[in-house]
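J.: Need coordinates for the below:
(2 chains, ligands or ions: 2)
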Amino acid sequence: MDAFIHQVLSGLATGGIYASLALALVMIYQVTRLVNFAQGEMAMFSTYIAWSLINAGMGYWPAFLLTVLFAFAVGVVIERVVIRPVENAPVLAIVVVFIALLVILNSATGWIYSYTIKTFPSPFPKEPLFGNKYMSSHELGAIGVTLVVLVLLYVFFRFTPLGLAMRAVAQNPESSRLVGIRVGWMLALGWGLAAAVGAVAGMMIAPIVYLDPNMMGGILLYAFAAALLGGIDSPGGAVIGGFAVGVLENVLGAYVIGNDLKLSVALGLIIGVLLVRPSGLFGKVNVSRV
Amino acid sequence: MALLEAKGLRASYGPTRVLHGIDFAIDEGSITAVLGANGAGKTTTLRALCGMVKTEGDVRFGGARIDGRLTEDIVRLGIAHVPDGRGTFVNLTTEENLRLGAYTRKDRAAVESDLARIFAYFPRLKERRRQQAGTLSGGEQQMLAVSRALMLRPKLLLLDEPSFGLAPLLVRELFEIMRTVNQRERVSILLVEQNAAMALALANRAYLIETGRVVLSGAADEIRRDDAVRRSYLGY
Ligand SMILES: Nc1ncnc2c1ncn2[C@@H]1O[C@H](COP(=O)(O)OP(=O)(O)OP(=O)(O)O)[C@@H](O)[C@H]1O
Ligand SMILES: [Mg+2]
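T.: Ligands and ions are numbered 1, 2, ... in the order given. A predicted model of the protein is given here:
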């Protein structure tokens, strides 16, 4: 029983990371109607920046904050410089751009930092917190960090004028222009936020999976499964989907299909959701009248 | 001086030219009606003024060129547009829709009092303030669209068939509100309207557009007496 509880709880910890990354995917999907395949590599690259800062002697949390800001700026620049010019291009062209971004970030990181696996520090103590026997303190801390990020995003989108403007742009760019919203900047801001959230996810997962240029491949797949499960245009659904996928992956891996085949859980989910309920569990059914 | 002046306004959708050089002026504080058959180019004229369609020609607002500028920048000068099809943010609440109308304004306190005033004009919107706007009835969404535009506190209001889908009683109410807004708050109005009789009764000036050209313009009273207009648009 203890082992089972352990599997579920540590599933929640990785699930939180999938949830963050899934949320980043959803944020970009809502404005582009496309899945940003480079989301994982953007997070990976940011995590390397954090590694450099920490190795240069910076404290963990200052490095963490600086990395989040850096990721935000990179996200904005990518939107302005790379995505903007192909905004109105056919879907396939944009997908190719996403994939190119993925490959470029991956190989640039490999070139700068080499492909050797590195350890990445956790800001949380080695001994389990509160003397609990189920979760490492990093797992507990990662859940905490994830929850803080989710609450901040919720408050931003729900209660600030800028958050409202971003939601408006996601659903009706033309009307948004007609109330004076600078739509281009809102899109860039969305990319920045998604990249920042991804960076947090990268820094939280790196102590678990170690740091290497390919670290996010599998994780992005889980995040994608999570986003689909929750409904690709539902932020709340992506979060719930993330936690669900984390737990499912751990429990199935431990008791049913074995750890080696864990990734197939993600693939199975993706195919299952697409076949049975493409809009996901919480995918919005738009109500509108003509 | 005219508040808004367009000279040789042309507009195209892709390769298809739809407006072939339209000239008109809107005097400060006036109500100007635009009439024309379906497909004449009324909606396109409003879209061209706001930079929502590819345009050529000279458009001035308060003396400054606005042609070729971004829609959001034109709006920020004080031009609110109730578009064809209402442009509701269907997944946001009624209140969020209204607050978006005031997105560019910095005067918080005045925004709150304007919101209260809108709710006084349209009690239905107040009842439904927390409801998803997409679930409002067509008429309610039309009121919402006009209200959202008013929340900008515009200098010029462009209205594309604001009475579309409204019950007769509400149409009269809406026209009354337009008159009030125009007289009390000195908002100039450019009105595209199928109900030519009511539009001409409200307006100071009117333009008649046919296939992308102005074919008749003048004081609303004169236009109303024009034989061709009477037969085609007023139906008597
Ligand atoms: N998006 C578009 N792409 C191509 N052609 C268009 C588009 N929108 C309008 N048109 C064409 O432009 C012409 C003018 O259309 P517009 O919508 O301005 O007419 P309107 O006067 O507003 O008509 P209505 O009274 O039916 O609203 C029409 O011939 C129409 O077919
Ligand atoms: Mg029209």
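J.: Where does the prediction get shaky in the chain?
T.: By default, I'm working from chain A. A:129, A:131, A:284-290 (pLDDT under 70).
J.: um, chain B though
T.: For chain B, applying pLDDT under 70 flags the ranges B:236.
J.: residues from it in reach of ligand 1?
T.: B:13, B:16, B:18, B:36, B:38-44 (C-beta under 6 Å from any ligand atom). In short, each C-beta sits where N, CA and C put it, glycine included.
J.: List the residues that contact the nearest residue to B:R179 once chain neighbours are set aside.
T.: Excluding its sequence neighbours, the residue lying closest to B:R179 (C-beta to C-beta, 6 or more residues apart in numbering or on different chains) is B:L202, at 6.3 Å. Counting by C-beta atoms under 8 Å, 6 or more residues apart in numbering or on different chains, B:L202 makes contact with B:31, B:33, B:175, B:178-179, B:191, B:220.
J.: how does it look with 7 Å?
T.: B:31, B:175, B:178-179 (C-beta atoms under 7 Å, 6 or more residues apart in numbering or on different chains).
J.: Excluding chain neighbours, give the residue nearest to residue 71 in space.
T.: I went with chain A, as the question did not name one. Per C-beta to C-beta, 6+ apart, closest to A:A71 is A:A199, 3.6 Å.
J.: hmm, I had chain B in mind actually
T.: A:R177 (4.1 Å).
J.: neighbours around the one you found, how many?
T.: Number of residues near A:R177 (other C-beta atoms under 10 Å in any protein chain shown) recorded here: 24.
J.: Quick check: which element contains it?
T.: helix A:173-178 (DSSP states H and E).
J.: partner residues bridging B:T55?
T.: B:A11 (DSSP bridges).
J.: ditto for the one 10 residues further on
T.: According to DSSP bridges, the residues that bridge with B:R65 are B:R60.
J.: before we move on, the earlier item: how about the residue nearest to A:A71, secondary structure?
T.: Secondary structure, DSSP: H, G, I helix; E, B strand; the rest coil: A:A199 is helix.
J.: ok, now which ones touch B:E56?
T.: B:R10 are the contacts of B:E56 under C-beta under 7 Å, 6+ apart.
J.: And it, how far from B:I66?
T.: 13 Å (C-beta to C-beta, to the nearest Å).
J.: do A:L153 as well
T.: 37 Å.
J.: Alongside ligand 2, which residues does chain B contribute?
T.: Residues of chain B that fall close to ligand 2, judged by C-beta under 5 Å from the ion: B:43, B:84.
J.: Helices of chain B, start to end?
T.: Ranges of helices in chain B, per DSSP state H, are B:42-49, B:71-76, B:94-101, B:108-121, B:123-127, B:138-150, B:168-185, B:196-202, B:220-225, B:227-229.
J.: Tell me which residue is most central in chain B.
T.: B:L159 (1.6 Å; C-alpha atoms, centre = their mean).
J.: quick one: that residue and B:V82 touch, right?
T.: Yes. Contact criterion C-beta atoms under 7 Å: B:L159 and B:V82 qualify, at 4.9 Å.
J.: Now do the contacts for the residue of the stretch 101-250 of chain A found nearest ligand 1.
T.: Closest contact between the stretch 101-250 of chain A and ligand 1, by C-beta to the nearest ligand atom, is at A:E174 (11.6 Å). Counting by C-beta under 7 Å, 6+ apart, A:E174 touches B:G87.
J.: how deep is B:H81 tucked in, by neighbour count?
T.: B:H81 has 28 nearby residues by other C-beta under 10 Å.
J.: Tally up the residues packed near the nearest residue to B:G62 once chain neighbours are set aside, please.
T.: Counting by C-beta to C-beta, 6+ apart, B:G62 lies nearest to B:L3, which is 6.4 Å off, once chain neighbours are set aside. For B:L3, the count of nearby residues is 21 (other C-beta under 10 Å).
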